[in-house]
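> Here is a sequence together with a model predicted from it:
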Amino acid sequence: MTSAPVTDPQQLAAHLEQGCRPAAQWRIGTEHEKFVHHIEDGSPVPYEGPRGIGAFLQGLLRFGWEPVYEAEQIIALKRPGGASVSLEPGGQVELSGAPLETLHESCVEVRDHLAQVDTVARELQVGMLGFGFHPQWRREQIPWMPKARYAVMRRYMPQVGTMGLDMMVRTCTVQVNLDFSSEADMVRKLRVGMALQPIATALFANSPLTEGRPNGYLSYRSRVWEETDAQRCGILPFVFESGMGFERYVDYALDVPMYFVYRNDRFIDCAGASFRDFLAGRLPQCPGERPTLADWDLHLSTLFPEVRLKQFLEMRGADGGGWRGLCALPALWTGLLYDEAALAAAAELIADWRAEEVVALRHAVPRTALQTPFRNRRVQEIARDVLTIAEEGLRNRQRLDPRGRDERRHLETLWQRVESGRTPAEELLEAYHQRWQEQVTPVYREYAY
């Protein structure tokens, strides 16, 4: 990437537009996060020590990963092809999958990753959980990872929201990154993704416990994001307005306060500063400097709307969960967005949804998930329509696995949820109230990967 200074917002929009690629080059990138705990008592695992997160990353090197260091400590892993393993602030381990052509390949990648982490976890006597929000431990009981960018965010988050630190150390998600072919294609996919993100939140609701007790929500992770930072999170109403495009998104992003810039192998705290000022050479922390496209990409990575635009689209509305959900989330969005007929049907479904309705739905879904009312229907019924469209989209793609099965099989767990009306959160609550007699510790036995 060029290090030449950027002076004009149109350069930033052009950079986003460079993500456009023909359909034959579209890929699927799956990401998911997992909590790590000690086997003996379920306690969170710190970075340091012979059983720590640092040792865990070191153990994964045997599988062909290359280490990424910060201040002489391994903070991530990478490999050719684009896959990486990284650390979230509270020690959550994240797989950022390589851009792959089919859901079958993505699912194999997830399976292989889980086998690798299981091998190392058994040696270190640690385990892993997939939930949207940690079911047991308080924020102050969770150790922070030694990444400089997190120190900046940790200082700034309490200034702009009440639950930003909880988001950082106590949440996990699964998301998928998808491509677009043109500005018009990006806009259509962004609108469909933004409007239907609450439906995905409902289908994947999996965070009903906090500090060992029910919290009153089915997706508490989604609720936490509402109290993190209103300027950089949530539904973006302007997406549904005429004139939406790369330049409009740039205009939004320029007004979201910065966190930091990266210079000489260190993060410089400029939290709350304006990227517009940076563009004009008026950033106090870098006097006289103008940003590069690398600075812009870093800034875009600190925006957290329900769908995030980079040189691809990130679908961000789902709670973390078990193995089957890790394949189902990319299947849902691939089916909706990667087939022309399916995308047209999804666009028609949400064509008359007003932005304020989507915002209200986004606010209601964390508590009641599939039973949330919307336009004289329930989300469960809308989710059935959405899955029907996604299934047809996957059928039309005709991507077959070695056994001749197409990608629709990855939606099976979502069909079970829609037909039963029960989310993973409700199944967890049932276990908590009945089998577990209102104790949370069995979660480590029954729900660990």
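Perfect, I can see it now. Just so it is clear, the structure is predicted and the values come from calculations on it, not from any experiment.
> Mind jotting down where the strands sit in the stretch 1-150 of the chain?
In the stretch 1-150 of the chain, the strands defined using DSSP state E, counting those that start in this stretch lie at 28-38, 66-70, 73-78, 84-87, 93-96, 126-129.
> separation between Tyr449 and Gly320?
11 Å (C-beta to C-beta, to the nearest Å). All C-beta atoms are positioned from the backbone trio N, CA, C, and that covers glycine.
> Now for the two: what residues contact both?
34, 130 (C-beta atoms under 8 Å, 6 or more residues apart in numbering).
> Which one's more surrounded, these two?
Between Tyr449 and Gly320, Gly320 has the larger neighbour count (other C-beta atoms under 10 Å), namely 27 against 15.
> can you give me phi and psi for that one?
Main-chain dihedrals, Gly320, degrees, to the nearest 10: phi -60, psi 160.
> One more: Arg21?
phi -150, psi 150.
> With adjacent residues omitted, what lies nearest to it?
In this structure, Arg21 finds its nearest non-sequential neighbour in Asp179, 5.7 Å apart by C-beta to C-beta, 6 or more residues apart in numbering.
> low-scoring stretches of this structure, by residue?
1-2 (pLDDT under 70).
> List the buried residues for stretch 393-410?
Under the neighbour-count criterion of 16 or more other C-beta atoms under 10 Å, stretch 393-410 has 393-394, 397, 399, 401, 406-410 buried.
> got it, and stretch 35-50?
35-39, 42, 44-47.
> Buried residues in the host helix or strand of Leu429, which are they?
Using DSSP states H and E, Leu429 sits within helix 424-433. By neighbour count with 16+ other C-beta under 10 Å, helix 424-433 contains the buried residues 424-426, 428-429, 432.
> Show me which of these is closest to Phe275.
Ala425 (37.3 Å; C-beta to C-beta).
> Thought Ala205 was touching that closest one, still the case?
Yes - counting by C-beta atoms under 8 Å, Ala205 is a contact partner of Ala425 at 4.5 Å.
> joint contacts of these two?
Residues touching both Ala425 and Ala205 by C-beta under 8 Å, 6+ apart: 218-219, 319, 369.
> residues in contact with the nearest residue to Arg354 once chain neighbours are set aside?
Nearest non-adjacent residue to Arg354, counting by C-beta to C-beta, 6+ apart: Phe240, 7.5 Å away. Phe240 makes contact with 191, 194-195, 353-355, 358 under the criterion C-beta under 8 Å, 6+ apart.
> Return the members of those classed as buried.
191, 194-195, 353, 355, 358.
> how about those residues in a markdown table, adding distance to Pro442?
Below are the buried ones among the contacts of Phe240 laid out as a markdown table (distance: C-beta to C-beta, whole Å):
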| residue | distance to Pro442 |
| --- | --- |
| Arg191 | 42 |
| Met194 | 37 |
| Ala195 | 38 |
| Trp353 | 41 |
| Ala355 | 42 |
| Val358 | 37 |
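> For Arg170, grab phi and psi.
Dihedral angles for Arg170 - degrees, to the nearest 10 - are phi -120, psi 10.
> Is the residue nearest to Arg21 in contact with Gly29, as I believe?
No - if you go by C-beta under 8 Å, Asp179 and Gly29 don't touch, sitting 9.1 Å apart.
> which residues touch Ile268?
260-262, 285-286.
> Any of these buried? List them.
Of the contacts of Ile268, these count as buried by 16+ other C-beta under 10 Å: 260-261, 286.
> Centre of this structure to the edge, which residue is at the far end?
Gly288 (35.1 Å; C-alpha atoms, centre = their mean).
> Helix or strand: which one has that residue?
Going by DSSP H and E, Gly288 is not part of any helix or strand.
> quick one: the nearest residue to it once chain neighbours are set aside from Asp255, how far?
In space, and not counting its chain neighbours, Gly288 is closest to Gly281: 5.7 Å by C-beta to C-beta, 6+ apart. Separation of Gly281 from Asp255 (C-beta to C-beta) stands at 18 Å.
> Enumerate the helices of the stretch 1-150 of the chain by residue range, in sequence order.
9-17, 53-60, 103-124, 148-160 (DSSP state H, counting those that start in this stretch).
> could I get the ones you listed as a markdown table with mean neighbour count?
Shown next, in a markdown table, are these (neighbours: other C-beta atoms under 10 Å):
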| stretch | mean neighbour count |
| --- | --- |
| helix 9-17 | 18 |
| helix 53-60 | 20 |
| helix 103-124 | 18 |
| helix 148-160 | 17 |
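> how about the ones you listed in a markdown table, adding distance to Arg324?
Output for the helices of the stretch 1-150 of the chain, formatted as a markdown table (distance: least, C-beta to C-beta, whole Å):
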| stretch | distance to Arg324 |
| --- | --- |
| helix 9-17 | 34 |
| helix 53-60 | 23 |
| helix 103-124 | 10 |
| helix 148-160 | 31 |
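> Trp415: which of the ones you listed is closest?
helix 103-124 (15.4 Å).
> what's in contact with the closest one?
Applying C-beta under 8 Å, 6+ apart, the contact partners of helix 103-124 are 28-30, 32, 34, 36, 50-51, 55-56, 59-60, 63, 83, 85, 93, 95, 97-98, 100, 127-128, 323, 326-327, 330-331, 334, 394, 399-401, 407, 410, 449.
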